[in-house]
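>>> make a model of this:
(chains A and B, ligands or ions: 2)
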Amino acid sequence: MSQLAPQTAPVPDLELVQVSKMFGDFLAVDTVDLSVAPGEFVAIMGPSGCGKTTLLRILAGLESVTYGQVKIRGRDVSAVPVNRRTTRLVWQNYALFPHLDVAGNIAFGLTLGRHDKAAVAGKVAQMGALVGLDDFMTRPIGQLSGGQKQRVALARALVTEPDILLLDEPLSALDAHLRIRMQAELRRIQQQLGMAFIYVTHNQHEAFSMADRVAVMNRGRIEQLDTPEVLYATPKTEFVARFVGSNNILPGTLAGYDGDVAVVTCAHGPVRVADAQGLAAGTRVVVAIAAEKLRRGLRAGDNTVPAVMRGREFAGSHNVFLMDLADGTEIKVVSHDGAIPDYGAEERLCFAPEDASLIRGAK
Amino acid sequence: MKRNAWIGLGRLWLGLAYAFMFLPLVVLILFSLQANRFPGFPLQGWTLQWYARLFDDGTLIAALGHTMIVSPAAASVATIIAFLAGYALNRFTFPGKTALLGLVTLPIIIPPLILGVGFLGLLARIHLSGTLLAVFLTHVVLITAPALAIIQLRLSQMPKALEEAAWDLGASEWQAVRRVVLPFALPGILGAWLLAFTFSFDEFIIAWFVSGFDQTLPVAIYSVLVAAIDPSLNAIGTIVFAMSCAVLIALEVLLIPYLIRKPDA
Ligand SMILES: Nc1ncnc2c1ncn2[C@@H]1O[C@H](COP(=O)(O)OP(=O)(O)OP(=O)(O)O)[C@@H](O)[C@H]1O
Ligand SMILES: [Mg+2]
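Ligands and ions are numbered 1, 2, ... in the order given. Sure, this is the predicted structure:
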């Protein structure tokens, strides 16, 4: 019997099927497919204007879809209005109700229907404690710090026990120090509740340190969706390679394969890259190398690239050297030893074929 | 030393400014309580005769009564219309939006004299001319515009996300308006009501055209004034002034603390 067939995978908390959104004739979200497992933390990052907010608003029900389907826990909600969805959105600027105090804001979603006052008060107090606001419950919103407002916004959404929490750059208005503390706290709360979070950010560190999987968006499309480790080590498109991390990009043309090593003709000469894609010779490709995989000096078997020292960023534990290749391509090199080359000095950089990845160039 | 001199000079200047503003009121109150027939010196002794006459005669008191019915009613209706219109204008874009806005604000620009003639013609045709209802209707038309301007200004300061947040948390459209938009707009609504009320209370020209025998206070005062100089006018002026003071003090004492301590919903 088909009903008795073993369940292969649990129903995803969220599933997007070919979702597109047009504003007039502008395609803001372009055929996005996405599946979020129960309790998963997915970060969406991408440059400004790539459609991250629009995608979240579609999930929340604040924007309709032009094509495609949004499913929450297996149920198609494309036609369900925003106030009947089981998602909650946390805004970048919090959107707290200025005429209510902290407790009033948190209680808002619980007091819209028939409710028991004592039960609501209990839940509000419990949620206030979870986000560390116990001592501020009667404060007016105007008298809170940015971090406290963020907690109120979070509590106000979480207290309604949504299926999925949507966060649109929730920490971007906070200073760097507080942001890192809040990242840890958000992750703790997410794990404690076992709730699926979809977290929009344009901050890579944020995405990589918090999320189970990260989606990189560009011009309305999801270019790659992978764990941070995979995304970092093997970007699939030129855009992802450029956007993620401190990748260096060498454009070139594929000359051919030597076993499982691709030979690419770059501006300064041939480069060898471990690759199993089997692309056709003559394909325009880019070679991506993470900044910390580049080394100064020479080593047998490695690729060498000549470069000219241009500048330096000191990051405390290490230096980041900015160098130019002969064709003007700017590259970054992470160095942990104290030696600093002179500006304008000729340097030789090397990297192992297996430390680079080969990507088909953008058309 | 020098600094103190400047501060003293500043205080003097401030005192003069206040005197300039309040001297007419002082004169009004003073002569409503003096036996002088004409406002001038020397003073001829304290009396309440003008108040007595005011109440014996009754026309001005009746007119005040009319005004106290028409103005609050017109201000309330205008404020409700203004809120609804302001909400729609703020939230939606629709064809003819600019035209609608222009149409609503038109009564501010048209000289009241012309409006008055127009209203008179129209109301006479539908047999409403000369009634308090006529004054009420014309005043609603007239004061909706300034009320709308104030409420719209306030609503335009409301981030769109605020209402969206209410929906997102499960509120229906109506609940979002009642529990988020209205509280946000409340200062604007109160300001709009007060302004509309004042406009209506003061309005003379149109009321003069359409009020007939049910005169409002400004019209009645004018009628008295045309006939003769009557110190009863000082008396009614003092009464109105006292009422304004009472209302403002009541507002300050009752309403504002209520508004400020609101957040225990
Ligand atoms: N209501 C709208 N009408 C027309 N165009 C819109 C609308 N909302 C968004 N857009 C367009 O859709 C694109 C995506 O916008 P969106 O706000 O989703 O970007 P984003 O990725 O969130 O950017 P940011 O990082 O700057 O917040 C932008 O080009 C924007 O101009
Ligand atoms: Mg955005």
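
>>> who's in contact with the longest helix anywhere in chain A?
Selection of the longest helix in chain A by residue count, based on DSSP state H, yields helix A:176-193. For helix A:176-193, contacts defined as Cβ atoms under 8 Å, 6 or more residues apart in numbering or on different chains pick out A:41, A:130-132, A:146-147, A:150, A:154, A:158, A:165, A:167, A:170-171, A:174, A:197, A:199, A:206, A:209-210. Backbone N, C-alpha and C define where each C-beta goes, glycine included.

>>> out of those, which are buried?
A:41, A:130-131, A:147, A:150, A:154, A:158, A:165, A:167, A:170-171, A:174, A:197, A:199, A:206, A:210 (16 or more other Cβ atoms under 10 Å in any protein chain shown).

>>> tell me what the helix or strand where A:V271 lies is packed against?
Secondary structure assignment for A:V271, by DSSP states H and E: strand A:269-274. Applying 3 or more Cβ pairs under 8 Å, 6 or more residues apart in numbering or on different chains; DSSP states H and E, one finds that strand A:269-274 contacts strand A:247-258, strand A:261-266, strand A:303-314, strand A:356-360.

>>> repeat that for 6 Å
Using 3 or more Cβ pairs under 6 Å, 6 or more residues apart in numbering or on different chains; DSSP states H and E, the elements in contact with strand A:269-274 are strand A:261-266.

>>> the strand it packs on to strand A:303-314, inter-axis angle?
Strand A:261-266 and strand A:303-314 are oriented at 70 degrees to each other (axes from the mean of the first three to the mean of the last three Cα atoms, to 10 degrees).

>>> what number of residues lie near residue 109?
Defaulting to chain A. 24 (other Cβ atoms under 10 Å in any protein chain shown).

>>> should've been chain B
Number of residues near B:I109 (other Cβ under 10 Å) recorded here: 8.

>>> repeat that for the one 4 residues further on.
Applying the criterion other Cβ under 10 Å, we find 11 residues in the vicinity of B:L113.

>>> phi first, then psi, for it.
In terms of degrees, to the nearest 10, the main-chain angles of B:L113 are phi -60, psi -50.

>>> could you find the closest non-adjacent residue to A:K332?
Leaving aside its chain neighbours, A:K332 sits nearest to A:A291 (4.2 Å; criterion: Cβ to Cβ, 6 or more residues apart in numbering or on different chains).

>>> residues contacting that neighbour?
Contact partners of A:A291, counting by Cβ atoms under 6 Å, 6 or more residues apart in numbering or on different chains, are A:S246, A:K332, A:V333, A:V334.

>>> now render those as CSV, adding neighbour count.
Output for the contacts of A:A291, formatted as CSV (neighbours: other Cβ atoms under 10 Å in any protein chain shown):
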residue, neighbour count
A:S246, 17
A:K332, 18
A:V333, 25
A:V334, 18
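
>>> of those, which is the nearest to B:M68?
Nearest to B:M68 out of the contacts of A:A291 is A:S246 (Cβ to Cβ; 75.2 Å).

>>> before we move on, the earlier item: which one of the contacts of A:A291 is nearest ligand 1?
Using Cβ to the nearest ligand atom, A:S246 comes nearest to ligand 1 of these, at 20.7 Å.

>>> quick check, that closest one in contact with A:K332.
Yes: using Cβ atoms under 6 Å, A:S246 is in contact with A:K332, at 5.2 Å.

>>> what is the neighbour count of A:I222?
For A:I222, using other Cβ under 10 Å, the count is 21.

>>> I'd say it and A:V32 touch.
Yes: between A:I222 and A:V32 there is a contact under Cβ under 6 Å: 5.5 Å.

>>> in chain A, what spans have low per-residue confidence?
A:1-8, A:363 (pLDDT under 70).

>>> in the stretch 151-265 of chain B, what residue lies closest to ligand 1?
The nearest approach of the stretch 151-265 of chain B to ligand 1 comes at B:K160, 10.4 Å away (Cβ to the nearest ligand atom).

>>> OK, contacts around the closest residue to A:G220 other than its chain neighbours?
Excluding the flanking residues, the one nearest A:G220 by Cβ to Cβ, 6+ apart is A:D30, at 3.7 Å. Contacts for A:D30 (Cβ under 6 Å, 6+ apart) come out as A:S20, A:G220, A:R221.

>>> once you drop chain neighbours, what's closest to the last one?
Yep, that's A:R221 we're talking about. Closest to A:R221 by Cβ to Cβ, 6+ apart is A:D30, at 4.7 Å.

>>> and that neighbour, what element?
Judged by DSSP H and E, A:D30 forms part of strand A:26-36.

>>> any idea what the closest residue to A:A345 other than its chain neighbours is bridged to?
Take A:A345 and drop its neighbours on the chain: the residue closest to it by Cβ to Cβ, 6+ apart is A:M309, 4.9 Å away. Taking DSSP bridges as the rule, A:M309 bridges to A:M323.

>>> count the residues that sit near A:M309.
The burial count for A:M309: 19, using other Cβ under 10 Å.

>>> with just CA atoms, put stretch A:226-236 into PDB.
This file holds the C-alpha atoms of stretch A:226-236, laid out as PDB (Å, rounded to 0.1, in the frame of the first residue of the first chain):
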ATOM      1  CA  ASP A 226      25.300  24.900   0.700                       C
ATOM      2  CA  THR A 227      26.900  24.600   4.100                       C
ATOM      3  CA  PRO A 228      29.300  27.400   4.900                       C
ATOM      4  CA  GLU A 229      32.200  25.000   4.600                       C
ATOM      5  CA  VAL A 230      31.300  23.800   1.100                       C
ATOM      6  CA  LEU A 231      30.400  27.300   0.000                       C
ATOM      7  CA  TYR A 232      33.700  28.600   1.100                       C
ATOM      8  CA  ALA A 233      35.800  25.800  -0.300                       C
ATOM      9  CA  THR A 234      34.000  25.200  -3.600                       C
ATOM     10  CA  PRO A 235      32.000  28.100  -4.900                       C
ATOM     11  CA  LYS A 236      30.000  27.000  -7.900                       C
END
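
>>> flag every buried residue along that stretch.
Buried positions in stretch A:226-236, judged by neighbour count with 16+ other Cβ under 10 Å: A:D226, A:P228, A:L231, A:Y232, A:A233, A:P235, A:K236.

>>> now these in TSV, with secondary structure and distance to A:Q277?
Conversion of the buried residues of stretch A:226-236 to TSV gives the following (DSSP: H, G, I helix; E, B strand; the rest coil; distance: Cβ to Cβ, whole Å):
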residue	secondary structure	distance to A:Q277
A:D226	strand	16
A:P228	helix	22
A:L231	helix	17
A:Y232	helix	19
A:A233	helix	15
A:P235	coil	13
A:K236	coil	10
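
>>> can you put the residues you listed in TSV and add distance to A:L14?
Shown next, in TSV, are those (distance: Cβ to Cβ, whole Å):
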residue	distance to A:L14
A:D226	17
A:P228	20
A:L231	20
A:Y232	24
A:A233	26
A:P235	24
A:K236	22
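
>>> columns distance to chain B on top of the residues you listed, output as JSON lines?
Output for these, formatted as JSON lines (distance: Cβ to the nearest Cβ, whole Å):
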{"residue": "A:D226", "distance to chain B": "30"}
{"residue": "A:P228", "distance to chain B": "29"}
{"residue": "A:L231", "distance to chain B": "30"}
{"residue": "A:Y232", "distance to chain B": "33"}
{"residue": "A:A233", "distance to chain B": "37"}
{"residue": "A:P235", "distance to chain B": "34"}
{"residue": "A:K236", "distance to chain B": "34"}
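
>>> now, among these, which is nearest to ligand 1?
Checking the buried residues of stretch A:226-236 one by one against ligand 1 (Cβ to the nearest ligand atom), the nearest turns out to be A:L231, at 18.1 Å.

>>> what about the closest residue to A:D260 other than its chain neighbours, neighbour count?
Nearest residue to A:D260 in three dimensions, chain neighbours excluded: A:A276, at 5.8 Å (Cβ to Cβ, 6+ apart). Per other Cβ under 10 Å, the neighbour tally for A:A276 reads 9.

>>> any idea how far A:A276 lies from A:A233?
14 Å (Cβ to Cβ, to the nearest Å).

>>> for the residue lying closest to A:P98 once chain neighbours are set aside, grab phi and psi.
Distances taken as Cβ to Cβ, 6+ apart put A:I141 closest to A:P98, at 5.3 Å, once the chain neighbours are dropped. Main-chain dihedrals, A:I141, degrees, to the nearest 10: phi -60, psi -40.
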